[in-house]
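Q: the following comprises the amino acid sequence and a computationally predicted model.
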Amino acid sequence: MILYLFLPLFLLLLIILQNTVSEILFFGVVGMEISLILVIYVGFRLDVFKGGMISFLLGFFLDCFTGSFSGFYALIYVCVFLVSMSASLRITLEKAPLIMLFTLMCALLEGIMITILYPLIYNIDIISIPALTAYLPQTLIVVLVSPVFFQIFRRIEALLENVANAKQLKRI
Amino acid sequence: MLFHKKYQTIIIACILLIISMIILSYSKEQPSEAGFFRKLVLEATAPMVNVIHSSIKGINSVWTQYLLLVGMEEENRRLKKENALLTNELLQYREGYLEAKRLQNLLKLKESLDHPTIAARVIAKDQANIIKTILIDKGTADGLRAGLPVMTERSILGRIIESSWNVSRVLLITDESSNIDAMLQESRTQGILQGAGSGLCSLKYIPKTETLKAGEVVISSDLSGVFPKGLFIGVVTSADKGDSSLFQKVQVMPYIDLTKLEEVLVLLIDKDIKK
């Protein structure tokens, strides 16, 4: 229960950290979207309610942090989550190349959604080519680091499960 | 259960999508007004960002300082090396300057002398021995031979006692076997200056009738023809008349510091003239 109370805070911390780290490592030119990897991960590991909430919150926090309209990233992340969850019925993401490939697909999906939604919401004709080209290295970075973060998320999940099990045993 | 479990996933997914779209369209319609949750997130974000930024800034600053220190250490090492090189260069220049000054003095002396001279460099000093001699880097090939007087820019130093082709040995005036004609500058009383060892000389055959005082100048006389007349030798430091002897015991301190010899001037006195 406490975990669910603190979960939004952790997610917000993740958003802040990913932006700060990108600012330091890539001087704010390219972002490292760890939140997208988390959304994909929860799509494969959690049920629709928990995973959907996490994805929605992550998107919402990203909206708040980046200054975009509320619901912009929330909608995109929920879509990515649903795609991941649908894919989880057919495939399991265990091997690094598969994780990278799927992350690439999701990052492209996100890119496509941004390209479609952005002009609609912000009333502009089309996103400029430089904006899109800046998105490509970001995608590449996310794809490259995805297996590492999948491993980290797995460890965290295992740790949380152990804590929960220990608590249950204590109660018994 | 309100919905069948089969449709639960689809319904929740649809709800999430609809909520997202509603929020998006609402915020698009009201762009200036930040919602309550957005404000809440922004409020929570500020202190977290501050903490993370200050921590990272701290780490970054430590890292930068470390890099700076590494750079400074390297620069320090480079500067030390440069300093050593420059100091060495400066020493060489100073050495050159002092040498030039000494040579200039020798040149002045050379010009003031009637005889031709030749400058030589002291290559070895053998003053710890009983015989007080020095070696100079000129020999018979340069026209030097035994018996020629050797001087510094200030006074008489001694005479050559042996010469090879390129090296000559000079017997210093402080050596006990050295005897040269000398006289007191003021009274013009003549005597023989003999080395007394330990950097001193004694002036012999000065009658007791002479009244000497410390500081009186002793110069060379040309009685034997070895040294030209009037060259400085030293100053009287003490004079003892004694009781039984006919002559006084006069102690003379040479002008030159024999331990600091570097360049000397050899007077090329003609053999025939000397005779």
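A: Noted; the coordinates are in hand.
Q: residues from the stretch 151-275 of chain B in reach of chain A?
A: Within the stretch 151-275 of chain B, no position is near chain A by CB under 8 Å from any CB of the partner chain. Placement of C-beta: from N, CA and C, glycine included.
Q: need the contact list for the closest residue to chain A within the stretch 151-275 of chain B.
A: Residue of the stretch 151-275 of chain B nearest chain A, by CB to the nearest CB: B:Glu262 (65.4 Å). Residues in contact with B:Glu262 (CB atoms under 8 Å, 6 or more residues apart in numbering or on different chains) are B:Glu99, B:Arg102, B:Arg121, B:Val122.
Q: same thing with A:Leu140?
A: Not one residue lies near A:Leu140 by CB under 8 Å, 6+ apart.
Q: that one is in what secondary structure piece?
A: helix A:129-171 (DSSP states H and E).
Q: report the rounded mean pLDDT for that helix.
A: Averaging pLDDT along helix A:129-171 gives 83.
Q: just to revisit the earlier point, most neighbours out of the contacts of B:Glu262, which is it?
A: B:Val122 (18 neighbours; other CB atoms under 10 Å in any protein chain shown).
Q: which ones are touching the residue positioned nearest the centre of chain A?
A: By CA atoms, centre = their mean, chain A has its centre lying nearest to A:Leu36, at 2.1 Å. Counting by CB under 8 Å, 6+ apart, A:Leu36 makes contact with A:Tyr77, A:Val80, A:Thr103, A:Cys106, A:Ala107, A:Glu110, A:Val142.
Q: narrow those residues to those in helices?
A: Under the assignment DSSP state H, the contacts of A:Leu36 contribute A:Tyr77, A:Val80, A:Thr103, A:Cys106, A:Ala107, A:Glu110, A:Val142 to helices.
Q: and the residue nearest to the centre of chain A, how close does it get to A:Leu140?
A: With the distance defined as CB to CB, to the nearest Å, A:Leu36 ends up 13 Å from A:Leu140.
Q: likewise for B:Gly58?
A: 31 Å.
Q: got it, and B:Lys110?
A: Per CB to CB, B:Lys110 is found 85 Å from A:Leu140.
Q: and for B:Val264?
A: 83 Å.
Q: equivalent analysis for B:Ser198, please.
A: Counting by CB to CB, the gap from B:Ser198 to A:Leu140 is 90 Å.
Q: output the below-cut-off pLDDT ranges for the stretch 1-150 of chain B.
A: Within the stretch 1-150 of chain B, the ranges that satisfy pLDDT under 70 run B:1-6, B:31-34, B:126-131.
Q: just give me the neighbour total for residue 91.
A: No chain was given, so I picked chain A. As a measure of burial, A:Ile91 has 11 neighbours, counting by other CB under 10 Å.
Q: correction: the question concerned chain B.
A: 10.
Q: what separation is there between it and B:Lys81?
A: For B:Leu91 relative to B:Lys81 (CB to CB), the value is 16 Å.
Q: hmm, B:Glu162 and B:Ser168 touching each other?
A: Yes: applying CB atoms under 8 Å, one finds B:Ser168 in contact with B:Glu162, separated by 6.9 Å.
Q: neighbour count: those two, which is higher?
A: More crowded of B:Ser168 and B:Glu162, by other CB under 10 Å: B:Ser168, with 28 against 14.
Q: what distance do you get for B:Gly96 to chain A?
A: Applying CB to the nearest CB, to the nearest Å, the value for B:Gly96 to chain A is 55 Å.
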